[in-house]
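# My questions concern the predicted model and sequence given below.
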Amino acid sequence: MSPGDASNGGPQTWFQLLAYEPLIASGPDGEPAPGLATDWGYVDGSGGTQFRLNLRDDAEFADGTPVTAEAVAASITWFVANATGPTSGSFTGWTVEATGDLEVTITTPAPTPIVADLLNPYNLGGNIISPEGLKNADTLANATYGAGPYVYDSADSVTGDHYTYVPNENYYDQSRIRFDKIVIRVIANMSSALSAVRSGQVDAIQGDTTVVESAESAGLDVVGAPNGFYGFFIWDWAGLKSPALADQRVRQALNYAIDRESIASAVFGDLGTATSQPTTPGWDGYDDSLTDAYPYDPDKAEALLAEAGYADGFSFDLPYASYDPNGSKLIQAAVEQLKQVGVTVNLTPCASLAELVDALNAGTFSGTSLFWGGQTQYANTNQLWLPQSPVNPYKNLPVPGLEDAFAAYSAADETDRGELAQAVEEIVVDQALSVPIAQVDSVYIHNAELQGVQVDPRGNLNNPADWSK
């Protein structure tokens with residue numbers, strides 16, 4: 001529930017969207033839109049290292065105190081220092097100050113082309129916490145201190161079962177509040193969740209491949225868009241644990257050995273599409289020409305392995321998210337195909353995300369298989385591919401050409417940034433730093449009475465506060 005350690009994907013974002021008004025909202029097209037900030041932009045002459053926002057003058061936190069530049073600066077500063085969630089690394093080194101009553105200036109240690117994106121509701125740092133919340137930071141996991149349209153009602157909630165939100169009487173736009181109460185229910189079984197929608201117990205759920213056909217047959221509405229991919233990352237590209245993986249030809253061989261089309265179809269049906277690149281449509285690094293960069297070619301895979309000196313194959317260790325049924329099916333199918341070209345992958349099941357993170361951080365595995373959501377090239381590269389990237393436990397040697405390409409992308413103006421983001425993506429794909437297999441649609445199911453449910457081109461669901469009945 002706290003912006004500092006919340007997840008930034010799927011229904012987990014609902015806890016944030018309802019209670020915390022972001023500095024910059026995300027419009028129906030996924031583009032930045034006014035939130036607590038009315039306008040924003042980079043400071044002229046700063047080289048992309050200073051970003052300034054002007055705040056609306058009528059916003060209050062749920063406790064009735066005004067949203068000021070001082071409060072905003074304090075909230076982001078707290079996030080930079082204390083956040084542990086998946087997006088926290090993108091805020092490293094930020095300094096934030098109030099440069100007017102309603103003006104905030106952010107300074108970043110290097111050119112950062114995606115500050116507006118980082119301040120949207122899905123990246124959490126722009127979800128502003130009140131001064132009272134910062135004083136009581138140890139309660140952020142069980143209470144809300146935002147300026148959003150709703151507030152968490154702990155008295156009408158049961159942790160792990162249901163979470164109730166009621167209107168914020170101090171919200172600046174009361175016309176946006178359309179419900180007397182919004183309840184988020186925890187239903188672990190997907191079949192039970194679908195039954196709950198069909199029976200009217202709930203209005204909307206996040207779905208998956210196992211229930212979409214039944215939902216459509218029942219006359220329910222299904223909305224979705226690609227929002228991430230399955231496959232596995234190769235962290236040990238320096239060959240510290242598995243020497244074979246230091247050879248680019250070997251990493252490319254792993255990619256050629258996978259029949260992505262058959263796996264995507266078998267595991268995800270119409271919701272999955274084969275892909276060779278570690279991002280999804282709608283993001284700046286996405287390049288349609290790279291989707292089929294590694295067509296299924298086991299003969300080529302074997303030839304590359306032999307050329308690299310591994311004609312007899314090799315083995316490496318990989319943890320995977322056994323708590324994710326679709327991800328488990330996918331990686332097990334991929335491992336069987338790799339075995340056909342002489343590569344043995346020793347899988348270690350992880351029963352929870354926490355267990356998977358522990359396995360990743362241990363630095364004893366050569367990679368990790370998990371679902372990865374689409375995001376900007378800036379975030380992907382910072383989190384995954386640079387020597388100092390927080391997700392990679394090996395802190396590897398630099399990838400040839402990547403740092404220069406990333407620096408050019410980071411410093412570019414908006415006109416050239418898309419092309420340069422794709423140049424970074426081309427290096428990542430050519431170096432075969434990962435083995436993406438299938439991009440997957442984020443799917444939400446709702447009854448016909450519920451209106452306004454939308455998924456943007458990046459697969460993000462809109463704020464439930466904007467739905468109506």
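Yep, it's here.

# Buried ones in stretch 14-27, by neighbour count?
Of the residues in stretch 14-27, those buried by neighbour count under the rule 16 or more other CB atoms under 10 Å are 14-26. (Glycine included, C-beta is placed from N, CA and C.)

# Nearest to residue 106 among those residues?
Taking CB to CB as the measure, residue 106 lies nearest residue 23 of the buried residues of stretch 14-27, at 9.9 Å.

# And the closest one, its phi and psi?
phi -60, psi -40 (degrees, to the nearest 10).

# Distance of it relative to residue 117?
In this structure, residue 23 lies at 11 Å from residue 117, with CB to CB, to the nearest Å as the measure.

# Identify those among the buried residues of stretch 14-27 that sit within helices.
14-19 (DSSP state H).

# where along the stretch 101-250 of the chain do the strands fall?
Taking DSSP state E, counting those that start in this stretch, the strands of the stretch 101-250 of the chain run over residues 103-107, 150-158, 162-167, 182-185, 204-206, 221-234.

# which one of those strands lies closest to residue 462?
Shortest separation from residue 462 across the strands of the stretch 101-250 of the chain is recorded for strand 221-234, at 9.8 Å, computed as CB to CB.

# For the closest one, name the packing helices and strands.
helix 212-217, helix 325-339, strand 367-369, strand 372-373, strand 434-446 (3 or more CB pairs under 8 Å, 6 or more residues apart in numbering; DSSP states H and E).

# Can you convert these into CSV and add a column each for mean neighbour count?
Formatted as CSV, the entries for the helices and strands packed on strand 221-234 read as follows, by neighbours: other CB atoms under 10 Å:
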stretch, mean neighbour count
helix 212-217, 15
helix 325-339, 19
strand 367-369, 27
strand 372-373, 22
strand 434-446, 25
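
# Could you dump those into a markdown table with distance to residue 310 added?
Formatted as a markdown table, these follow (distance: least, CB to CB, whole Å):
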| stretch | distance to residue 310 |
| --- | --- |
| helix 212-217 | 41 |
| helix 325-339 | 12 |
| strand 367-369 | 17 |
| strand 372-373 | 27 |
| strand 434-446 | 16 |
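
# quick one: which of the ones you listed is nearest residue 361?
The stretch from the helices and strands packed on strand 221-234 with the least distance to residue 361 (CB to CB) is strand 367-369; that distance is 10.2 Å.

# I'd like the average pLDDT over the closest one.
Averaging pLDDT along strand 367-369 yields 95.

# Give the other helices and strands that that strand contacts.
Helices and strands touching strand 367-369, by 3+ CB pairs under 8 Å, 6+ apart, are strand 221-234, strand 314-321, helix 325-339, helix 353-362.

# go with 10 Å
Under the contact definition 3 or more CB pairs under 10 Å, 6 or more residues apart in numbering; DSSP states H and E, strand 367-369 sits against strand 221-234, strand 314-321, helix 325-339, strand 343-350, helix 353-362, strand 434-446.

# Worst mean pLDDT among those?
Per-stretch mean pLDDT for the helices and strands packed on strand 367-369 is lowest at helix 353-362 (a mean of 87).

# ok, and for it, which residues are buried?
Within helix 353-362, the residues that qualify as buried by neighbour count (16+ other CB under 10 Å) are 355-357, 359-360.

# returning to what we had before: which one, of the helices and strands packed on strand 221-234, ends up nearest to residue 45?
Nearest to residue 45, of all the helices and strands packed on strand 221-234, is strand 372-373, at 34.6 Å by CB to CB.

# Tell me how this structure divides into domains.
Following automatic domain parsing, one gets these domains for the chain: 10-185, 226-441.

# nearest to residue 212, of those?
Ranking the domains of the chain by their distance to residue 212 (criterion: CB to CB) puts domain 226-441 first, at 6.7 Å.

# in this protein, what secondary structure element scores lowest on mean pLDDT?
Per-element confidence for the chain was summarised using mean pLDDT, DSSP states H and E. The lowest value among helices and strands belongs to helix 353-362, with a mean of 87.

# what angle separates that one from strand 314-321?
Following axes from the mean of the first three to the mean of the last three CA atoms, to 10 degrees, one obtains 150 degrees for the angle between helix 353-362 and strand 314-321.

# contacts for helix 353-362?
Around helix 353-362, the neighbours that count as contacts under CB atoms under 10 Å, 6 or more residues apart in numbering are 7, 86, 233, 235, 317-324, 348-350, 352, 365, 367-370, 390-393.

# at 7 Å what do you get?
319, 321, 348, 350, 365, 368, 370, 393 (CB atoms under 7 Å, 6 or more residues apart in numbering).

# pretty sure the second one is in contact with residue 352, am I right?
Same thing as residue 321. No. With contacts counted by CB atoms under 7 Å, residue 321 stays clear of residue 352, the gap being 8.6 Å.

# Mind listing what's buried along stretch 150-165?
By neighbour count on 16+ other CB under 10 Å, the buried set for stretch 150-165 is 150-152, 157, 163-165.

# re the thing from before, turn the helices and strands packed on strand 367-369 into CSV, including distance to residue 52.
Compiled in CSV, the helices and strands packed on strand 367-369 are given as follows (distance: least, CB to CB, whole Å):
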stretch, distance to residue 52
strand 221-234, 31
strand 314-321, 41
helix 325-339, 41
strand 343-350, 43
helix 353-362, 36
strand 434-446, 33
